[in-house]
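Trainee: model the structure of this input:
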Amino acid sequence: MTMVESISSEVSQYFSVLRGASVEYIALALVTYYVSVLLYALRWRLILRGIGREAPMGELVKAIMASIFMNNVTPMSRGGGELLRIAWVSRRVNIPAGMSAVSIVYERILETIPVMVLFLVGLTYFSSEPAVPVAIGAAGIALIWIKWDSFVRVSLRVFRTEATPEELKRITALRSLHNINLAAVGLSSAVWVLDVVRLKLITLAFGLSLSWGLVAVVSVANLVLGLMAFTPGGIGIIEGGLVGTLIHFGLPSTLAVSVTLLERLVSYVISSAVGFLVLLTSGGVEIWRALRSQ
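Mentor: Residues are numbered from 1 along each chain as shown. Down below sits the predicted model:
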């Protein structure tokens with residue numbers, strides 16, 4: 001058999017496996033993905049409310065969906081999407097750019113708590129001494145928390161935005177709003193749980209019965225690959241890493257590739273298409289052009 005024939009045979013196997021995937025589980029995986037988007041929007045709304053700003057859920061959902069498209073087509077993880085979110089609420093809801101920028105940074109800080117838990121689960125599979133990297137990560141988070149006022153000022157400089165003394169006071173006061181912090185951490189945790197559930201549904205679409213612990217580990221690997229990727233949407237890096245991880249845990253290469261392709265169909269291809277439609281139909285193109293001209 002020639003190399004071309006061999007490749008053709010492998011591709012045919014992949015498509016054969018994909019055609020046999022359960023449509024019901026794929027639909028549930030899609031629903032799970034967009035429930036996560038709603039939770040992201042709710043978390044953002046709570047944090048904005050904590051700094052004295054109200055924003056309609058509809059605008060926040062559209063901003064997040066459009067930002068997903070921008071993240072998927074610009075280099076570096078979340079490179080263009082976060083800037084679009086800042087500009088979106090600034091123009092649509094009249095929230096100062098400095099306040100929206102720090103609200104997004106604050107989201108990321110609170111998000112690290114469930115991510116650290118997932119990361120710890122992953123380390124128990126890959127490392128015999130997971131305590132060291134976890135301790136380093138926890139120390140970094142604690143330092144940001146302790147030096148929150150300084151971190152806010154640095155964040156404003158990074159995003160090249162300004163805040164009035166009153167706005168700065170509200171932003172720095174976020175740390176003391178325990179109810180909002182607990183709710184935001186709870187929503188962040190729910191989002192990452194849904195990520196694990198989505199991956200579980202995708203594996204079930206192929207009739208696989210992987211343990212929840214193993215699915216959580218693969219989800220952590222997917223998360224880390226996304227954060228490390230420097231290509232638009234992590235193209236090539238995420239796929240290769242996810243296939244390698246699945247093969248490492250015993251999946252045949254055909255199934256590993258098929259699971260990866262279906263996961264990326266949901267989290268990259270369809271999400272990019274929906275985000276692009278939102279960008280076109282909701283005035284996002286004008287916002288992005290104005291942002292690029294600054």
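Trainee: which stretches of the stretch 51-200 of the chain form helices?
Mentor: Under the criterion DSSP state H, counting those that start in this stretch, the stretch 51-200 of the chain contains helices at 57-73, 81-92, 97-126, 131-146, 148-158, 165-172, 178-205.
Trainee: now for the last one, which elements pack on it?
Mentor: Using 3 or more C-beta pairs under 8 Å, 6 or more residues apart in numbering; DSSP states H and E, the elements in contact with helix 178-205 are helix 23-50, helix 97-126, helix 212-228, helix 253-264. C-beta here means a position set from N, CA and C on the backbone, and glycine is covered the same way.
Trainee: and these: which comes nearest Ile237?
Mentor: Ranking the helices and strands packed on helix 178-205 by proximity to Ile237 (C-beta to C-beta) places helix 212-228 first, at 5.9 Å.
Trainee: and the pLDDT at Asn181?
Mentor: pLDDT recorded at Asn181 is 83.
Trainee: how about the contacts made by the residue nearest to it when sequence neighbours are not counted?
Mentor: Among residues not flanking Asn181 along the chain, Leu110 sits closest, at 6.6 Å (C-beta to C-beta, 6 or more residues apart in numbering). By C-beta atoms under 8 Å, 6 or more residues apart in numbering, the contact set of Leu110 is 43, 181, 184-185, 188.
Trainee: that older thread, put together JSON lines for the helices and strands packed on helix 178-205, with distance to Arg175 and mean pLDDT on each row.
Mentor: Written out in JSON lines, the entries for the helices and strands packed on helix 178-205 read as follows (distance: least, C-beta to C-beta, whole Å; pLDDT from 0 to 100):
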{"stretch": "helix 23-50", "distance to Arg175": "10", "mean pLDDT": "94"}
{"stretch": "helix 97-126", "distance to Arg175": "9", "mean pLDDT": "73"}
{"stretch": "helix 212-228", "distance to Arg175": "24", "mean pLDDT": "80"}
{"stretch": "helix 253-264", "distance to Arg175": "36", "mean pLDDT": "89"}
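Trainee: format those helices as CSV; extra columns: distance to Ala63.
Mentor: What follows is those, written out as CSV (distance: least, C-beta to C-beta, whole Å):
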stretch, distance to Ala63
helix 23-50, 8
helix 97-126, 10
helix 212-228, 20
helix 253-264, 23
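Trainee: which among these is found nearest to Ala173?
Mentor: With C-beta to C-beta as the measure, helix 23-50 is the member of the helices and strands packed on helix 178-205 nearest Ala173 (8.0 Å).
Trainee: buried set for that closest one?
Mentor: In terms of neighbour count (16 or more other C-beta atoms under 10 Å), helix 23-50 has its buried residues at 25-26, 28-30, 32-34, 36-37, 39-48, 50.
Trainee: from the contact counts, what lies against that helix?
Mentor: Here helix 23-50 is seen to pack against helix 57-73, helix 97-126, helix 178-205 when contacts are counted using 3+ C-beta pairs under 8 Å, 6+ apart.
Trainee: give me whichever of those is most buried.
Mentor: Highest mean neighbour count among those (mean count of other C-beta atoms under 10 Å): helix 57-73, with a mean of 21.
Trainee: tell me what it is packed against?
Mentor: helix 23-50, helix 81-92, helix 271-281, helix 284-293.
Trainee: having no further points to raise, I will conclude here.
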